[in-house]
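>>> Sequence and predicted structure below; questions after.
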Amino acid sequence: GDSVTQMEGPVTLSEEAFLTINCTYTATGYPSLFWYVQYPGEGLQLLLKATKADDKGSNKGFEATYRKETTSFHLEKGSVQVSDSAVYFCALVSTNTGNQFYFGTGTSLTVIP
Amino acid sequence: NAGVTQTPKFQVLKTGQSMTLQCAQDMNHEYMSWYRQDPGMGLRLIHYSVGAGITDQGEVPNGYNVSRSTTEDFPLRLLSAAPSQTSVYFCASNTLGRETQYFGPGTRLLVL
């Protein structure tokens, strides 16, 4: 079945460091891929998405490219800030999943000044 | 638009009590779902609905009931609360197709 595997955390970085959070997926249909962010005490918010192979989603300095050949959707940011401290979830929905989303287990990021 | 709203924000129950978690959305989304979030386990789907009058089970449905009488509302009922149901519950909605899912702020439930 469809699934998402993402990098285990927690991740701790210094401000202005480069961030990569790995995400790979398994899908039987044609998935759309998402990164969601959850700030402490809040619900999940869409960070970025990509709907087809080679698409790049971007928002707030974060980027992720839909790689069909490696079934990956890694999240990157060139220079993290303290305000980026949050939990990040990779997710997919596929033509074969009937609108059901599949989420990774989440990666906690802490950015220290 | 208010988006997805959930009430209450926090609730304490005793074992065996019942309660209803409310969820509403004002975006005319067909698809609504309930998740629970537990440490180290990510989000697990409890129940979902593809439209008024249509519901189905997700990954962890035991101990929960849902109904969908209107497009806007999708309440989650705990029939007889157990400590294992201590969790944070999120409601979400989206249009049909491979579209963005929008989340409510969550309900924190503690069962003693």
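Alright, I've got the coordinates.
>>> biggest strand in chain B by residues?
In chain B, taking DSSP state E as the definition, the longest strand is strand B:42-51.
>>> That strand - contacts with which helices or strands?
Applying 3 or more Cβ pairs under 8 Å, 6 or more residues apart in numbering or on different chains; DSSP states H and E, we find strand B:42-51 packed against strand A:101-103, strand B:31-38, strand B:54-57, strand B:64-66. For the C-beta atoms, the positions are set from N, CA and C on the backbone; glycine is no exception.
>>> got the angle for the second one vs strand B:42-51?
This points to strand B:31-38. Here strand B:31-38 runs at an angle of 160 degrees relative to strand B:42-51 (axes from the mean of the first three to the mean of the last three Cα atoms, to 10 degrees).
>>> Identify all contacting residues around strand B:31-38.
Residues from elsewhere that reach strand B:31-38 (Cβ atoms under 8 Å, 6 or more residues apart in numbering or on different chains): A:99-101, B:21, B:23, B:25, B:43-51, B:58, B:60, B:64, B:66, B:68, B:74, B:76, B:85, B:87-96, B:101, B:106.
>>> Run a quick neighbour tally on B:S87.
B:S87 has 21 neighbouring residues, counting by other Cβ atoms under 10 Å in any protein chain shown.
>>> residues in chain A within reach of chain B, list them.
Contact residues, chain A versus chain B (Cβ under 8 Å from any Cβ of the partner chain): A:30-32, A:34, A:36, A:42-46, A:49, A:51, A:89, A:91, A:93-95, A:98-101, A:103-106.
>>> could I get the helices and strands packed on strand B:42-51 as a markdown table with mean pLDDT?
Below are those laid out as a markdown table (pLDDT from 0 to 100):
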| stretch | mean pLDDT |
| --- | --- |
| strand A:101-103 | 90 |
| strand B:31-38 | 95 |
| strand B:54-57 | 94 |
| strand B:64-66 | 97 |
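>>> Just send these back as TSV, with mean neighbour count and distance to A:F18 too.
As requested, these are arranged in TSV below (neighbours: other Cβ atoms under 10 Å in any protein chain shown; distance: least, Cβ to Cβ, whole Å):
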stretch	mean neighbour count	distance to A:F18
strand A:101-103	23	25
strand B:31-38	23	28
strand B:54-57	14	42
strand B:64-66	19	42
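>>> and of these, who's closest to A:V82?
Closest approach to A:V82 among the helices and strands packed on strand B:42-51 (Cβ to Cβ): strand B:31-38, 23.9 Å.
>>> The closest one pairs with which strands, and in what direction?
The pairing partners recorded for strand B:31-38 under DSSP bridges are strand B:42-51 (antiparallel), strand B:87-94 (antiparallel).
>>> which element follows the last one toward the C-terminus?
Meaning strand B:87-94. strand B:102-103 (DSSP states H and E).
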